[in-house]
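1. Mind looking at a prediction? Sequence and model below.
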Amino acid sequence: MKVILKQDVKKVGKRGEIVDVADGYARNFLMARGLAVPQTAHSMEVLHEQKEKEAELEAAKKAEAEETAKKLEKMELRFQVKAGTEGRVFGSVSTKQIVEQLRRQGISIDKHKILDTYPISSLGVTKVRVELYRGVIGTINVHLFGSEQ
């Protein structure tokens, strides 16, 4: 029996896929638990509509991520750190500090999306890459300037 999966089912398939399974398995397990519906003309139309809506949402998310990437390109985050006379930095700036300063400026980014995860411990401007969406990578300019002790 061919069914359309409503959710991911282990060892069977992903949500939205059309799979061919045994009749008893389809009726007694998949459909009984609401994990699948039988493949009919009406269910195919519904599936097609759902895929179109998902594609529109994905396009909107990607456009929003690209817009955020443009904002980040123009932005420069400034951090004052303690530094010695020769420019040696005491401490560093972490991804958590970068995310907090971005949040203060109205941009919400998960710290796990930052690709360059090493702490910044050199004076000057450092470019930090952030994956905002699949395939959309923004760059933040992080400027460290020192204050002598």
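-> That came through fine.

2. For the rest of this, base every contact and every neighbour count on C-alpha atoms.
-> Noted.

3. For the most far-flung residue of the chain relative to its centre, grab phi and psi.
-> Ranked by distance from the centre of the chain (CA atoms, centre = their mean), the top residue is Thr85, with 40.9 Å. With angles defined as degrees, to the nearest 10, Thr85 sits at phi -70, psi -30.

4. pretty sure Asn141 is in a strand, no?
-> Yes: applying DSSP: H, G, I helix; E, B strand; the rest coil, one finds Asn141 inside a strand.

5. Tell me the spacing between it and Arg129.
-> 9 Å (CA to CA, to the nearest Å).

6. quick one: contacts for the residue nearest the centre of the chain?
-> Taking CA atoms, centre = their mean, the centroid of the chain lies closest to Tyr133, which sits 4.8 Å from it. The contact partners of Tyr133, by CA atoms under 8 Å, 6 or more residues apart in numbering, come to Lys61, Lys62, Ala65.

7. Same check on Ala36?
-> Applying CA under 8 Å, 6+ apart, the residues near Ala36 are Val3, Ile4, Leu5, Lys6, Gln7, Ala26, Leu30.

8. so the fifth one makes contact with Leu30?
-> It refers to Gln7. No: using CA atoms under 8 Å, Gln7 is not in contact with Leu30, being 9.8 Å away.

9. Neighbour count for these two, which is higher?
-> Leu30 (21 against 15; other CA atoms under 10 Å).

10. I'd like to know how far the closest residue to the more buried one other than its chain neighbours sits from Gly24.
-> Nearest residue to Leu30, sequence neighbours excluded (CA to CA, 6 or more residues apart in numbering): Ala36, at 5.4 Å. Remark: distance between Ala36 and Gly24 (CA to CA) = 13 Å.

11. coming back round to it: what's the distance between the residue farthest from the centre of the chain and Leu77?
-> 23 Å.

12. Neighbours of Ala63, how many?
-> Going by other CA under 10 Å, the residues that sit close to Ala63 add up to 14.

13. counting contacts, what elements does whichever helix or strand Gly138 is part of pack onto?
-> According to DSSP states H and E, Gly138 maps onto strand 136-148. With contacts defined as 3 or more CA pairs under 8 Å, 6 or more residues apart in numbering; DSSP states H and E, strand 136-148 has these neighbours: helix 41-74, strand 76-83, strand 124-133.

14. Now the shortest one: buried residues?
-> Applying a neighbour-count criterion of 16 or more other CA atoms under 10 Å, one finds Glu76, Leu77, Phe79, Val81, Lys82, Ala83 buried in strand 76-83.
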